[in-house]
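>>> return a 3D structure for these sequence lines:
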Amino acid sequence: MTTPGRWSRELLGHRLVQPDTRSCGAAALVIAQAVLDDSYAELLVTGTHPRTGWGLIGEGPVDRFRAETLAMHDRITGFVDLIGRLQLPWPRLLGTPPWAVAHQLTATTGTPYRIRLAVGDRSRLPDSVLLALADGHPVALYVGDRWLPRHVLMAIGSTERGDLLVFDPALGRTVSLTRASLESAELPGRWPRPWFVVLPH
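Residues are numbered from 1 along each chain as shown. From the prediction side, this is the model:
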């Protein structure tokens with residue numbers, strides 16, 4: 001399992017709320033990249049990348065996170081993904097489509113990601129997510145109401161008893177989800193129903 005490094009832990013100590021109502025997917029992807037790459041997390045915390053010297057403008061980690069989330073949203077909804085492949089552009093007003101999340105996670109990790117429907121029989125859903133996390137791969141969860149997916153969470157770890165540690169961009173922090181809540185589609189909060197997961201092949 002990927003263990004957050006020093007800078008990732010420091011970053012996650014801040015309240016990192018998505019900058020607008022449409023950027024939950026982008027915010028979740030920024031956190032996934034920070035957990036996978038501690039140098040990127042250091043860039044967000046300090047404003048300077050330790051190896052390249054590249055800088056981000058902002059008053060502090062929260063401002064830089066907000067700016068990077070908006071930049072991420074521009075990138076993942078454009079014509080070209082992170083590694084230069086053409087992708088279907090998407091209106092930012094409609095949030096972040098799951099295929100854009102899959103493309104970004106594939107490019108970030110080097111492992112192909114796919115979209116899996118999470119409706120119907122959810123009994124194996126927690127094990128699929130936990131297996132990916134055990135291999136060091138974050139997993140995106142699209143959640144919503146009974147009609148539509150409305151929000152994106154990012155699973156970044158697990159507890160000893162098998163609960164998921166999930167970054168929720170609406171809250172700006174990591175929360176715990178139980179196996180039972182995933183299987184029963186009774187997640188805590190405003191959006192109780194899982195719709196899609198974006199996870200490695």
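>>> for my notes, confirm Val119 occurs in a helix.
No: secondary structure assignment (DSSP: H, G, I helix; E, B strand; the rest coil) places Val119 in coil, not in a helix.
>>> does it touch Trp195 like I think?
Yes: counting by CB atoms under 8 Å, Trp195 is a contact partner of Val119 at 6.6 Å. Every C-beta, even on glycine, is put in place using the N, C-alpha and C of the backbone.
>>> looking at these two, which one has more neighbours?
Trp195 (19 against 10; other CB atoms under 10 Å).
>>> per-residue pLDDT, the more buried one?
If you check Trp195, the pLDDT there is 92.
>>> tell me which element the residue nearest the centre of the chain is part of?
Closest residue to the average C-alpha location of the chain: Ala28 at 2.9 Å, with CA atoms, centre = their mean. Assigned by DSSP states H and E, Ala28 falls within helix 24-36.
>>> quick one: least confident helix or strand in the protein?
helix 179-184 (a mean of 88; mean pLDDT, DSSP states H and E).
>>> so where's this protein uncertain?
1-3, 80-94 (pLDDT under 70).
>>> list the residues that contact Asp20.
For Asp20, the contacting residues are Leu70, by CB atoms under 8 Å, 6 or more residues apart in numbering.
>>> any idea which element it lies in?
Here Asp20 sits in a region with no helix or strand, counting by DSSP H and E.
>>> now it: how far from Leu105?
22 Å (CB to CB, to the nearest Å).
>>> what's the answer for Arg150, then?
20 Å.
>>> neighbour-wise, which of the two wins?
Using other CB under 10 Å, the more surrounded residue of Arg150 and Leu105 is Leu105, with 28 against 17.
>>> these two touch, right, the more buried one and His201?
No: using CB under 8 Å, Leu105 is not in contact with His201; the gap is 11.4 Å.
>>> where do the contact lists of those two overlap?
What both Leu105 and His201 touch, as defined by CB under 8 Å, 6+ apart, is the set Thr111, Tyr113.
>>> residue contacts, Pro138?
So Pro138 contacts Thr2, Ala32, Val35, Leu36, Leu105, Ala132, Met154, Ala155, Ile156 (CB under 8 Å, 6+ apart).
>>> which strand or helix spans the last one?
Yep, that's Ile156 we're talking about. Here Ile156, judged by DSSP H and E, is contained in strand 149-158.
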